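K.L.:
sequence plus predicted model, see below.
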Amino acid sequence: MKALITGISGQDGYFLSQLLLSKGYEVHGIVRRNSSMTQGTMDLLPEHIKSNIIVHYGDITDGNFLSNLLMKEKPEEMYHLAAQSFVGYSFQNALSTYDVNIGGTLNVCNAVKDASQDTRLYFAATSELFGQPRVTPQNETTLFMPRSPYAVSKLSGLWTIRTYREAYRLYMTNGILFNHESEVRGPEFVTRKITRGVAQIKNGSPDPIILGNLSAVKDWGYARDYVEGMWMMLQQDNPDDFVLGTGESHTVREFAEMAFDVIGEKIRWVGSGVNEIGLSQEGNTLVKVSREFFRPLESDNYRADYSKAKKVLKWKPETTFADLVKIMVESDLKSLN
Ligand code: GDD
C-alpha cells in the first residue's frame, strides 16, 4: 500500500507517517523546500524512520505539480493535512490563508479526479467550523458557523470534498477534528506555549507566560490517537465524514493549572479580564494576560460528540487530558535539560 501525505512536516504528519510505516505502507510526503533545508517535524524523527519516507518537494498551490505527482505515484491513500493552520494568523493574512487552504484543497481534489481516481482522500477539516456553537456537544449534524478566515477556508474545503465525492463518485472523507496536541505541537499554539513556558519556569526563568483569552473552552486530545482515526476513515466501505474529539471541555486556564501541577506548582488566580494573573504559592507571577493574544472573534465552547466515529470506526481517544498535559510538560522539561 502506498500513501501520500501533504503537510507531512507538521504535527499530524509526524504521527501519521509513523503509524503508516508501522503498518507496512510505502509513505510519500510533500514538503515545501526552504533555503535552510529543514523539514519541520520530520527532522524530529529518528533517522531510521525518516530515511523510509519518500519526500517530494513541492507546494499544494501548484496544481500541475500535484497532478503530475498523482499521475506518477497513484497512491492508494492520500492524507491532505497541509494548510495555513493557525487561526490567529488568518485574521491578519486572510488572502494567503484562502490561497493555501481553499486553492490548495481544490488542487488536491482536481489532481485526484483527473489523475488518480482510485486514490482514497482524507481531508483535515476542523471543529473551528462550528464557530461559537449554540448546541453542546457538537457532531456531524451541528450547524457550521465559522468565525475566522481560517474556518471559512476550511468550510470551503469540506464542501469541495463533499461535492467531488458525490459529483465524481470519488472516495473522499472529511475528518472534523477537535483540537489535538502533542509534544511536537508548534510553539505558537496555546498548549505548547504553556508547556514550554512551564518547563522554562521550572528551569529558573523569571518570565511569566503571557496568554490571551484564558476562558476559551476547547476539547483537547492527543494527536497520536487522532491519526488512528484518520486512517480508519479510509478503511470503510463507503466514504463519509466523522467528528473526532474527547467529549471533554477545558478552559485555557485549566490547561495552565494542570501544566503547572506537573511541576508541583499550585497556581492561584487573582484579578479578572486582561488584569488576571496566575501566581505561585510564593507570590511570583507565573501567567499574565495581554490583549495582543486575543482574537478579533473567539470560537470556543467546544465539546465533541464523537459517537458516530465510536460506532462506525470503533475509534475512541486513549489519552486523558491529564496525561496529555503531562506528556507535553515532561517532553519540554527533557528537551530543556
Ligand atoms: N495561540 C494562542 N496563544 N491561543 C491562545 C492564547 C495564546 O497566547 N491565549 C489564549 N488562547 C486561546 C485562543 O484564543 C483559542 O481559543 C485557544 O486558546 C486555542 O488556540 P490555539 O492553540 O491557537 O488553537 P485553535 O483552537 O485556534 O486551533 C487549533 O485547533 C483547531 C481544531 O483542531 C489549530 O490546530 C487549528 O488548525 C485546528 O483546526
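P.N.:
Thanks, I have it.
K.L.:
for the rest of this, base every contact and every neighbour count on C-alpha atoms.
P.N.:
Will do.
K.L.:
secondary structure of E257: a helix, I assume?
P.N.:
Yes. When DSSP: H, G, I helix; E, B strand; the rest coil is applied, E257 is found to be in a helix.
K.L.:
just to check, it is in contact with W269?
P.N.:
No. With contact defined as Cα atoms under 8 Å, E257 does not count as touching W269 (9.6 Å).
K.L.:
could you check the pLDDT of N34?
P.N.:
On pLDDT, N34 comes in at 88.
K.L.:
the residue located most distally from the centre of the chain and R268, how far apart?
P.N.:
Relative to the centre of the chain, the most outlying C-alpha is that of E282, 36.2 Å out, by Cα atoms, centre = their mean. Note on E282: its distance to R268, by Cα to Cα, to the nearest Å, is 10 Å.
K.L.:
likewise P149?
P.N.:
If you measure P149 against R268 using Cα to Cα, the figure is 35 Å.
K.L.:
of those two, which one has the most company?
P.N.:
P149 (21 against 15; other Cα atoms under 10 Å).
K.L.:
now do the same contact list for the more buried one.
P.N.:
Contact partners of P149, counting by Cα atoms under 8 Å, 6 or more residues apart in numbering, are 87, 90-91, 94, 97-98.
K.L.:
and it, what's its pLDDT?
P.N.:
Value for P149, per-residue pLDDT: 98.
K.L.:
please apply the same query to the one 3 residues further on.
P.N.:
V152 is assigned 98 on the pLDDT scale.
K.L.:
can you give me the helices for the protein?
P.N.:
Along the chain, the segments classed as helices by DSSP state H run 11-22, 47-50, 63-73, 87-92, 94-98, 104-115, 149-168, 190-202, 223-233, 252-262, 307-308, 321-336.
K.L.:
D300 is nearest to which of these?
P.N.:
D300 lies closest to helix 252-262 among those, at 10.7 Å (Cα to Cα).
K.L.:
quickly note the distance from the residue farthest from the centre of the chain to the ligand.
P.N.:
24 Å (Cα to the nearest ligand atom, to the nearest Å).
K.L.:
over to D114?
P.N.:
From D114 over to the ligand the distance is 28 Å, taken as Cα to the nearest ligand atom.
K.L.:
so that residue sits right up against L69, yeah?
P.N.:
No. Applying Cα under 8 Å, one finds D114 not in contact with L69, separated by 11.6 Å.
K.L.:
the residue nearest to E76 when sequence neighbours are not counted: what's it in contact with?
P.N.:
Of all residues not flanking E76 in the chain, T119 sits nearest, at 4.7 Å (Cα to Cα, 6 or more residues apart in numbering). Contacts of T119 were listed using Cα under 8 Å, 6+ apart, and they are 74-78, 112, 171.
K.L.:
not counting sequence-adjacent ones, nearest residue to L20?
P.N.:
L20's closest residue in space is V27 (Cα to Cα, 6+ apart), at 7.0 Å.
K.L.:
ok, how many other residues are close to that neighbour?
P.N.:
Neighbour tally, V27, other Cα under 10 Å: 23.
K.L.:
wouldn't it be in contact with I53 here?
P.N.:
Yes. The pair V27 / I53 is scored as a contact, 5.4 Å apart, by Cα under 8 Å.
K.L.:
give me the common contacts of those two.
P.N.:
Listed as contacting both V27 and I53 by Cα under 8 Å, 6+ apart are S17.
K.L.:
contacting residues around the worst-scoring helix or strand of the chain on mean pLDDT?
P.N.:
Lowest mean confidence among the helices and strands of the chain (mean pLDDT, DSSP states H and E): helix 47-50, at a mean of 93. The contact list for helix 47-50 (Cα under 8 Å, 6+ apart) reads 18, 42-43.
K.L.:
try it again at 10 Å.
P.N.:
14, 17-18, 21-22, 42-44 (Cα atoms under 10 Å, 6 or more residues apart in numbering).
K.L.:
same check on stretch 128-143?
P.N.:
Here stretch 128-143 has contacts from 87, 127, 144-148, 150-155, 158, 175-179, 241-245, 247-249, 297-308, using Cα under 10 Å, 6+ apart.
K.L.:
go again with 8 Å.
P.N.:
By Cα under 8 Å, 6+ apart, stretch 128-143 touches 144-147, 151-152, 154-155, 176, 178, 241-243, 247, 298-306.
K.L.:
ok, now stretch 316-325?
P.N.:
181-182, 195, 220-222, 225-226, 245-246, 255, 258-259, 306, 309-310.
K.L.:
what are the buried residues along that stretch?
P.N.:
If you call a residue buried by 16 or more other Cα atoms under 10 Å, then stretch 316-325 has these buried ones: 316-317, 319, 321, 324-325.
K.L.:
could I get the residues you listed in JSON lines, plus columns for pLDDT and distance to I102?
P.N.:
As requested, the buried residues of stretch 316-325 are arranged in JSON lines below (pLDDT from 0 to 100; distance: Cα to Cα, whole Å):
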{"residue": "K316", "pLDDT": "98", "distance to I102": "30"}
{"residue": "P317", "pLDDT": "98", "distance to I102": "29"}
{"residue": "T319", "pLDDT": "98", "distance to I102": "32"}
{"residue": "F321", "pLDDT": "98", "distance to I102": "32"}
{"residue": "L324", "pLDDT": "98", "distance to I102": "31"}
{"residue": "V325", "pLDDT": "98", "distance to I102": "33"}
